[in-house]
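1. Sequence and predicted model, in that order:
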Amino acid sequence: MTTPTAAIDALFAEWDKPDSPGCALAVIRDGEITYQRGYGMADLENNTPITPDSVFYIASVSKQFTAASVLLLAQSGALSLDDEIHRYFPELPDYGTPITIRHLLHHTSGLRDYLDLWELAGRSFDDPFTNQDGLKLLIRQRGLNFPPGEQHLYCNSGYKLLAELPPRVAKLTLRQYADQHIFQPLGMKNTFFDDDNAEIPNRVRSYKPTDDHFEEIPKNFTIVGSGGLLTTIGDLLQWDRNFYDPQVGGRDFVEQLQTPGMLNDGTRLDYAAGLVVGCYKGLKTVQHSGGMLGFRTHMLRFPDQRFTVICLGNLSSFDSDKQATAIADLYLADSYHLDEYAGSFYSEELDVTYELAVEPPDLVLRSPSSLANPLRATEPDKFTAVGRELTFTRNHEGRVTDFTLNGGRAKGMLFSRRES
């Protein structure tokens, strides 16, 4: 297909200036970059523009590489995901209930988040903050947020501990282990866990907007695991390719990375191993976003379409998630298959008709009491909008015939398609 370059560039015009931070963008299809560009500046003081070779701190997008390192350790037999963490961290308090490595991967451990603890202790991310500082904070905690496996709560502490497993199991830092087992084999030559803040070529600075200029946000911490990776869009292409043609880990490893966790009661999560598995406009997605200092990053993959968007920004007000999905809309609108949901649906219980219509690139909901509201797909045949959740059902031929509506404290109301 023709690359919609003008439409893409228009999405980034606000930052495509010599006096503004911006982003690096890559659009990947079938394992090849179909479009890449830098918008704005990597370093305002030195008038350095962002290019495809710019090296970004990618914040929590790093988590998939921490998870990958742990999965490779498990694959080698060095540990089991069901090992209790006190086996490797005897200095942690006894919480009265087992926490496993698997709990850490899926954010179900109940551990308090060390980044929140750091701030609650009156510290700033402008202060030096090391791996050892993070571990000391966790060792001081005497309680959990909830019993392990009972809830899902995004937790940087789990990934902080995961980062300590390579040193304790393989006698290599996370930086060394990931380099030897992931980055070197895939040819990711500009990628590493930044545990020393060393100056390197092409490194991007991050900023926040003020009334009349952009203020740099310095990076003084050297924590890795929950974040900490430096990389380029070109190197992330190599990682993206590994999901389709695994050179590292093999097919089982790739499947493990994308297998969501479960709670004790059997509830399936959308969080896998450093990756969120979900749905966008009816299409399966595998993604993660990141936000730290002024960096705003997102890597969004549509595996069935073999399509990925990487958006790495260096301004705190930049919305990388929004920009990445806007790019997907330009390329994949014909794949959304939203027409099958369009039509009039009647509820006998409410005596009301809702209209669903496609207004590209969205499916929108119209009810008598509201204007058109875009619906967001959360799973196949499940959408949400304005506090309402719609779950569609199909007949034996696969045609959408009904949906059930949950709205606030009124749930399970049936709407049936009205035939024209």
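-> Received, thanks. Residues are numbered from 1 along each chain as shown.

2. Does residue 16 touch residue 49 like I think?
-> No: counting by CB atoms under 8 Å, residue 16 stays clear of residue 49, with 10.0 Å between them. Glycine gets a C-beta too; all of them are placed from N, C-alpha and C.

3. Overlap in contacts, the two.
-> Common contacts of residue 16 and residue 49 (CB atoms under 8 Å, 6 or more residues apart in numbering): residue 40.

4. and the closest residue to residue 5 other than its chain neighbours, what are its phi and psi?
-> Once flanking residues are discounted, residue 5 sits nearest to residue 35: 6.3 Å by CB to CB, 6 or more residues apart in numbering. Phi and psi for residue 35, reported as degrees, to the nearest 10, are phi -160, psi 140.

5. contacting residues around residue 35?
-> Going by CB under 8 Å, 6+ apart, the list of residues near residue 35 reads 3, 5, 8, 25, 26, 27.

6. Which members of these are classed as buried?
-> 8, 25, 26, 27 (16 or more other CB atoms under 10 Å).

7. In TSV: those, plus secondary structure and pLDDT.
-> Shown next, in TSV, are these (DSSP: H, G, I helix; E, B strand; the rest coil; pLDDT from 0 to 100):
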residue	secondary structure	pLDDT
8	helix	96
25	strand	98
26	strand	98
27	strand	98
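
8. which one among those residues gets closest to residue 406?
-> Nearest to residue 406 among the buried ones among the contacts of residue 35, counting by CB to CB, is residue 27 at 35.8 Å.

9. For residue 419, see how far away residue 396 is.
-> 17 Å (CB to CB, to the nearest Å).

10. What is the burial count for residue 40?
-> 25 (other CB atoms under 10 Å).

11. and the closest residue to it other than its chain neighbours, what is it in contact with?
-> The spatial neighbour of residue 40 that comes closest, neighbours along the chain excluded (CB to CB, 6+ apart), is residue 22 at 2.0 Å. By CB under 8 Å, 6+ apart, the contact set of residue 22 is 12, 15, 16, 38, 39, 40, 41, 50, 313, 314, 315, 318.

12. From those residues, which land in strands?
-> Using DSSP state E, the subset of these located in strands is 38, 39, 41, 313.

13. Which of those residues sits closest to residue 144?
-> residue 313 (34.3 Å).

14. From residue 61, how far out is that closest one?
-> 12 Å.

15. Quick check: neighbours shared by the two?
-> By CB under 8 Å, 6+ apart, the residues touching both residue 313 and residue 61 are residue 297.

16. Which residue, other than its chain neighbours, is closest to the residue nearest in space to the middle of the chain?
-> In the chain, the C-alpha nearest the mean C-alpha coordinate belongs to residue 288, at 1.1 Å (CA atoms, centre = their mean). The shortest distance from residue 288 to any residue other than its chain neighbours is 5.1 Å, reached at residue 61 (CB to CB, 6+ apart).

17. Would you mind measuring from that neighbour to residue 292?
-> To residue 292, residue 61 is 10 Å away according to CB to CB.

18. And residue 392, by the same measure?
-> Distance from residue 392 to residue 292, by CB to CB: 38 Å.

19. of these two, who's got more company?
-> Remark: of residue 392 and residue 292, residue 292 carries more neighbours, 24 against 19, as counted by other CB under 10 Å.

20. Now do the contacts for the more buried one.
-> 57, 59, 60, 125, 227.

21. from the residues you listed, which two are the most distant?
-> Farthest pair in the contacts of residue 292, by CB to CB: 60 and 125, 14.2 Å.

22. who's more crowded, those two?
-> residue 60 (22 against 17).

23. Let me know whether the more buried one touches residue 290 as I believe.
-> Yes: counting by CB under 8 Å, residue 60 touches residue 290, with 3.9 Å between them.

24. Mind listing the shared neighbours of these two?
-> 227, 297.

25. picking that back up, just give me the closest of the buried ones among the contacts of residue 35 to residue 101.
-> residue 26 (32.1 Å).

26. List the beta-bridge partners for the closest one.
-> Note on residue 26: beta-bridge partners by DSSP bridges are residue 36, residue 310.

27. how much space between it and residue 182?
-> In terms of CB to CB, residue 26 sits 19 Å off from residue 182.

28. which ones are touching residue 368?
-> 352, 353.

29. Roughly how far does it sit from residue 412?
-> 20 Å.

30. Okay, helices next: where are they in the stretch 251-400 of the chain?
-> 320-332 (DSSP state H, counting those that start in this stretch).

31. JSON lines please, covering the contacts of residue 292 and showing pLDDT and distance to residue 269.
-> JSON lines is the format used below for these (pLDDT from 0 to 100; distance: CB to CB, whole Å):
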{"residue": "57", "pLDDT": "98", "distance to residue 269": "27"}
{"residue": "59", "pLDDT": "98", "distance to residue 269": "21"}
{"residue": "60", "pLDDT": "98", "distance to residue 269": "16"}
{"residue": "125", "pLDDT": "83", "distance to residue 269": "28"}
{"residue": "227", "pLDDT": "97", "distance to residue 269": "21"}
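
32. That concludes my questions; thank you for your assistance.
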